[in-house]
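Visitor: Sequence and predicted structure, then a few things I'm wondering about:
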Amino acid sequence: MSPAGHRLGAVAGAALSALLCAAPGGAQPTPRVPPDMRAIRAGTYVPFYRLAAQPTVTVRAFLLDARPVTNAAFLDFVRAHAGWQRARTRRLFADGGYLSHWESDLSLGPRAAPDQPVTRVSWFAARAFCRARGRRLPTEAEWEYVARASEVAPDAPRDPATIARIMAWYGRPGGGALASVGAARPDYWGLHDLHGLIWEWVEDFNSALVVTDSRDNTGPGAARFCGAASLGARDTDEYPTFMRYAFRQSLRGSYTVGNLGFRCAADAAPGG
């Protein structure tokens, strides 16, 4: 075959491949995952609390930021959305501690390094940041699903090394300077700092308080309170999980805490 014939054949082959990929029965391209996020595949796990109506939790595939949001990223956000600057944010949406460690509305200062995780942000502010990026906060089920992973396995809530590492962090006195995000090794999913750096907001952090009046000890949320929670725990060795649930139930949407930050999530593309 002549060189021209070879070129013509190559062009025809490329065109045929494009048509097959575009056709309904052809292979579909893999959806693109943003470089700062990780794809989390769908799965099911047994929740920490035994609820007759929900013996297992099913999580659909989703995307999650590989690292917590940093001071630098949040500074870019408040520059673009002046209503979330410290002096302009209404106390309904963030208490008096909001970004109080920053030097000013638009300056981080010596107590907030650009690559440290942003903290002292309310749930409302965290949601606004994620929405501005076309994302959302992860649900509690999503966060707990990935939190079960060790560095080598997706479901290792009783791994002694993982438990020891988390408990060592929980027992460490607060108030010190936070490390930079991404300094720790990633887990099975490729996520950094899910444990050991900060607590993180989730979308439905107060879901137990929403589903039932706290004075009613017979509703579906009753199993997540105090003594009932201890009795309903399926595995009392999962103390780190118990601590997270307890911490979340102490929060309100306007609260800001020195070691509480967040990362964003997103729905996976259909078929992803």
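Guide: Arrived safely, thanks for sending. Numbering: from 1, shown residues only.

Visitor: Quick check: phi and psi on the residue nearest to D65 when sequence neighbours are not counted?
Guide: Distance criterion CB to CB, 6 or more residues apart in numbering; nearest residue to D65, sequence neighbours excluded, is R263 at 3.9 Å. For every residue, glycine as well, the C-beta is placed using N, CA and C. When read as degrees, to the nearest 10, the backbone of R263 gives phi -140, psi 160.

Visitor: R263 contacts E200, doesn't it?
Guide: Yes - using CB atoms under 8 Å, R263 is in contact with E200, at 6.2 Å.

Visitor: what's the overlap in contacts for those two?
Guide: Common contact partners of R263 and E200 (CB atoms under 8 Å, 6 or more residues apart in numbering): P68.

Visitor: quick one: low-confidence parts of the protein?
Guide: Applying pLDDT under 70 to the chain flags the ranges 1-31, 48-54, 208-238, 271-272.

Visitor: quick one, what contacts R41?
Guide: R41 sits in contact with A61, where contact means CB under 8 Å, 6+ apart.

Visitor: ugh, typo on my part, it should be L92
Guide: S254 are the contacts of L92 under CB under 8 Å, 6+ apart.

Visitor: Mind checking which of R263 and E200 has more residues around it?
Guide: Just comparing R263 and E200: by other CB atoms under 10 Å the higher neighbour count belongs to R263, 28 against 24.

Visitor: gap between V59 and A147?
Guide: 12 Å (CB to CB, to the nearest Å).

Visitor: Could you do N71 as well?
Guide: Taken as CB to CB, the span from N71 to A147 is 23 Å.

Visitor: who's more crowded, those two?
Guide: N71 (25 against 19).

Visitor: Does the more buried one touch G109 like I think?
Guide: No - counting by CB under 8 Å, N71 does not reach G109; the two are 9.8 Å apart.

Visitor: Overlap in contacts, those two.
Guide: Listed as contacting both N71 and G109 by CB under 8 Å, 6+ apart are W102.

Visitor: Quick check: which element contains A39?
Guide: strand 37-40 (DSSP states H and E).

Visitor: May I have that strand exported as CSV, CA atoms only?
Guide: As requested, the backbone C-alpha atoms of strand 37-40 are provided in CSV (Å, rounded to 0.1, in the frame of the first residue of the first chain):
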residue,chain,number,x,y,z
MET,A,37,-10.6,15.3,44.3
ARG,A,38,-10.7,11.5,44.6
ALA,A,39,-13.3,9.1,43.3
ILE,A,40,-15.0,7.0,46.0
